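Student: Structure for this input, please:
(chains A and B)
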Amino acid sequence: DVKVTQSSRYLVKRTGEKVFLECVQDMDHENMFWYRQDPGLGLRLIYFSYDVKMKEKGDIPEGYSVSREKKERFSLILESASTNQTSMYLCATYRQGDEKLFFGSGTQLSVL
Amino acid sequence: GENVEQHPSTLSVQEGDSAVIKCTYSDSASNYFPWYKQELGKGPQLIIDIRSNVGEKKDQRIAVTLNKTAKHFSLHITETQPEDSAVYFCAASRGGGATNKLIFGTGTLLAVQP
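Tutor: Residues are numbered from 1 along each chain as shown, chains lettered A, B, ... in the order given. Prediction:
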């Protein structure tokens, strides 16, 4: 089965810090996504990547950037963390044939 | 762009009862409607999906119905069990590739009381 691994389950950072969230997949999927999950708001797309070094903004890209230097790894970067970026972050890959998303277990980020 | 509304936000049922979660969408070009289940401490997992060329799809105790005219679709869980307790998300997209992004509903927390 597809495995999507997010490097940290819980993360606590200070306001203004640069934060890296890492995601690794083992199924050679071309498309990878970063979502943010907040109570009452569901899953909102931050950025996605459809190939190495290719990226596209999602619905809420402000304050975030991404990096995809290798096919299996997709990183989300908070250039200067703010308290309103406290949230659960979910990484996902996309299987082309049946359009199925495979999610990691998430990283709960707290910015103090 | 697409907008997906999901109701109710919370649902509590007795074990053995049925549960129904409803979603409406705004983009008439949407043709792919998946449902994801998120258990505590885990990422969402696809449990069932439906495309616009069918009106209903079943998989054991779960079923999804689609009304294209009214632009709404529903998840039905029969004979609920405690392990059905989770957050459920509906979603909609135009399908045909990752660039036609899925838009998710706001989620329903289902609690099945033993």
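Student: Now the closest residue to chain A within chain B: closest residue in space that isn't a chain neighbour?
Tutor: Taking C-beta to the nearest C-beta, chain A has its nearest neighbour within chain B at B:G43, 3.0 Å off. Quick note: C-beta positions are derived from backbone N, CA and C, even for glycine. Of all residues beyond its chain neighbours, the one nearest B:G43 is A:F103 (3.0 Å), with distances taken as C-beta to C-beta, 6 or more residues apart in numbering or on different chains.
Student: what's near enough to touch the one you found?
Tutor: Each residue near A:F103 by C-beta atoms under 8 Å, 6 or more residues apart in numbering or on different chains is listed here: A:4, A:90-92, B:36, B:43-45.
Student: Report the contact partners of B:K68.
Tutor: Contacts of B:K68 (C-beta under 8 Å, 6+ apart): B:S52.
Student: Sticking with the residue of chain B closest to chain A, tell me its helix or strand.
Tutor: For B:G43, there is no enclosing helix or strand under DSSP states H and E.
Student: what does chain A have sitting close to chain B?
Tutor: Within chain A, the positions near chain B by C-beta under 8 Å from any C-beta of the partner chain are A:4, A:30-31, A:33, A:40-45, A:48, A:50, A:56, A:58, A:90, A:92, A:94, A:96, A:99-101, A:103-106.
Student: what's the spacing between the residue nearest to A:I77 when sequence neighbours are not counted and B:D84?
Tutor: Spatial nearest neighbour of A:I77, excluding adjacent residues (C-beta to C-beta, 6+ apart): A:S65 at 4.7 Å. Counting by C-beta to C-beta, to the nearest Å, the gap from A:S65 to B:D84 is 39 Å.
Student: quick one, which of the two is more surrounded?
Tutor: B:D84 (20 against 13; other C-beta atoms under 10 Å in any protein chain shown).
Student: What residues does the residue nearest to that one when sequence neighbours are not counted make contact with?
Tutor: Of all residues not flanking B:D84 in the chain, B:V112 sits nearest, at 5.1 Å (C-beta to C-beta, 6+ apart). Going by C-beta under 8 Å, 6+ apart, B:V112 touches B:12-15, B:19, B:80-85.
Student: Now, those that are in strands?
Tutor: Counting by DSSP state E, the contacts of B:V112 place B:12-14, B:19 in strands.
Student: ok, which stretches of chain B are strands?
Tutor: Under DSSP E, chain B gives strands at B:4-7, B:10-14, B:19-25, B:32-38, B:45-51, B:56-59, B:62-67, B:72-77, B:86-92, B:103-104, B:108-113.
Student: This completes my enquiry, with thanks.
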